[in-house]
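> Got a predicted structure plus its sequence, pasted below:
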Amino acid sequence: MTEPTGAHTLSDALADALAAASRARAGLPRGKRWTVIVDLEAGSGVTRAVARLHDRESDRLVGTGQARLAPPDADVPGVADELAAAQALTDLARRMTQVARTEVAGAVEGAVPG
């Protein structure tokens, strides 16, 4: 695990995390790779985000989020993007947890002698 870098913005933190992941990958054998892509769309005072979890074959899961800023928030650049993306990633994490629980329940159910 990497140490906190004191990044000041979400963009800085993401850049630091990507750099750390790249350094870590350089010394690790090839394994599974999942990529999350977050698409943002703004319009009519609402920013929407869609987070897609990709593996090598397909989109595995999709999470969504949106942010509608109150007037005081409008003065903070990028805050709607960050809030919508955070909601989409939270939704994606919730969906991943549901899938894992369902798979575990199915495996346990299938392993119980009848």
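Done, it's in. Numbering: from 1, shown residues only.

> hmm, who's touching stretch 45-56?
32-42, 59-69, 80-81, 83-85, 87-89, 91-92, 96 (Cβ atoms under 8 Å, 6 or more residues apart in numbering). For the C-beta atoms, the positions are set from N, CA and C on the backbone; glycine is no exception.

> try 7 Å
Defining contact as Cβ atoms under 7 Å, 6 or more residues apart in numbering, one finds that stretch 45-56 is touched by 33-41, 59-68, 80-81, 84-85, 87-89, 92.

> Show me which of these are buried.
38, 40, 61, 63, 65-67, 80-81, 84-85, 87-89, 92 (16 or more other Cβ atoms under 10 Å).

> Now for those: which two are most distant?
Leu61 and Ala80 (23.5 Å; Cβ to Cβ).

> Give me the secondary structure label for Arg33.
Put simply, Arg33 is coil when judged by DSSP: H, G, I helix; E, B strand; the rest coil.

> mind listing what it touches?
Here Arg33 is in contact with Arg56 (Cβ under 7 Å, 6+ apart).

> biggest helix in the protein, by residue count?
Determined from DSSP state H, the single longest helix within the chain is helix 79-111.

> Give me the buried positions along it.
80-89, 91-92, 95.

> okay, which residue is most central for this protein?
Compute the mean C-alpha point of the chain, and by Cα atoms, centre = their mean the closest residue is Leu89, 3.7 Å away.

> Provide the secondary structure category for the residue nearest to it when sequence neighbours are not counted.
Sequence neighbours aside, Ala51 is the residue nearest to Leu89 in space, at 5.2 Å (criterion: Cβ to Cβ, 6 or more residues apart in numbering). Put simply, Ala51 is strand when judged by three-state DSSP.
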